[in-house]
Each structure stands twice: as C-alpha cells, then as structure tokens.
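**Q** pasting a predicted model and its sequence here:
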Amino acid sequence: MTPLQRAFEEWEANTTPHPKKHPLSKFRPTFHTHEFRQYEQAIALLNWTEDCIEIAKLEKLPGRVRGAAIPLVKFLKSLADKYHVRIFGHVKPYTPDPPWPDDEHIPTQEELEAWYKKHGFHLCKRSKLGAVALWYPDIPLAACQPIETK
C-alpha cells in the first residue's frame, strides 16, 4: 500500500460523508453531488491523485464561527507530514452551494491567500493568467515560482 493510500484510509476513518448537491445549470434543475467529507465543523472535497492530496473545495459549515476550518487543515497537514505526501490546490474564492446563508462572508482572493500562508502553505503563480496554487509542505521544483503575500 502506498503512503497516499494510507493517508486516504486515515482520512476516511476520521471523517464522515457530507454530500452536497451542486447545480449544473441555472436554467434547468440538474444537479451533481459533490462528495464532501466532514471533519469537526468544516467540510472538504478532495481529489486523491497519484502523488498528492488535492484540495478542490474547503468550507466551514454554514453558521459556524470563523476558524472552523482550521482543525480540518491541521488534520490534512498531519496526514501529509505522517505519510510524506504533498497537499496541492488552487486558491480561488467561490460561492458555496446551498445551504449557505446570504449574509455569510465569502473570503476574497487576498484573504484566502493570507489565510493559507498563515497556516503554513506555500503559494505560487501557476501561469501567466495569475492562478495561485497552494502547496504543503513544499513546492515541487518544476511546479512554479513562490510568491510573496501580504
């Protein structure tokens, strides 16, 4: 069994399913289910690639206090450290699928970059279009150049 497979098993053992319907169209009632998993007061949609854990989406549960996603991120980082695998993702704000209160704050790009950096992730530009990637514990040499955030 590979280190990534062992990390996946530990993730599954310590989280619970939290599926969410995602609308595929604004004009037709067509949905796809995103298979989020819950850890404490936050949920994550992860892709387990051949060489890293990819964060596709990360959300605190609606109505929870700021900082609710921190235990989930700490757990993911502990898996990366324990099994010597990388975490990867793109830093991009998005509006969560319902249920989500209209008055809930959605972080800006700058806030997200600062948050990930504060929690030990390395950020880098992935293309001329300005896409920002996150890596933990480090950035692969060929992936991109690190960027500084405020």
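**A** Here it is on my side, so go on. Residues are numbered from 1 along each chain as shown.
**Q** mean confidence score for the longest helix out of those in the chain?
**A** Assignment by DSSP state H gives helix 70-83 as the longest helix of the chain. Averaged over helix 70-83, pLDDT sits at 98.
**Q** now the helix or strand harbouring residue 133: buried residues?
**A** For residue 133, the host element (DSSP states H and E) is strand 132-136. Within strand 132-136, the residues that qualify as buried by neighbour count (16 or more other C-beta atoms under 10 Å) are 132, 133, 134, 135, 136. C-beta: built from backbone N, CA, C; applies to glycine.
**Q** not counting its neighbours along the chain, what's nearest the residue nearest the centre of the chain?
**A** Central residue of the chain (C-alpha atoms, centre = their mean): residue 55, 3.4 Å from the mean position. In this structure, residue 55 finds its nearest non-sequential neighbour in residue 89, 3.5 Å apart by C-beta to C-beta, 6 or more residues apart in numbering.
**Q** SS state for that neighbour?
**A** strand (DSSP: H, G, I helix; E, B strand; the rest coil).
**Q** can you pull the contacts of the closest residue to residue 35 other than its chain neighbours?
**A** In space, and not counting its chain neighbours, residue 35 is closest to residue 19: 5.7 Å by C-beta to C-beta, 6+ apart. When the contact criterion is C-beta atoms under 8 Å, 6 or more residues apart in numbering, the partners of residue 19 are 33, 34, 35, 36.
**Q** what about residue 19, which helix or strand?
**A** With DSSP H and E as the test, residue 19 turns up in strand 16-23.
**Q** hey, where'd the helices end up in the protein?
**A** Taking DSSP H as the test, the helices found in the chain are 3-14, 70-83, 109-118.
**Q** of all those helices, which lies closest to residue 140?
**A** helix 70-83 (13.4 Å; C-beta to C-beta).
**Q** all set now, cheers.
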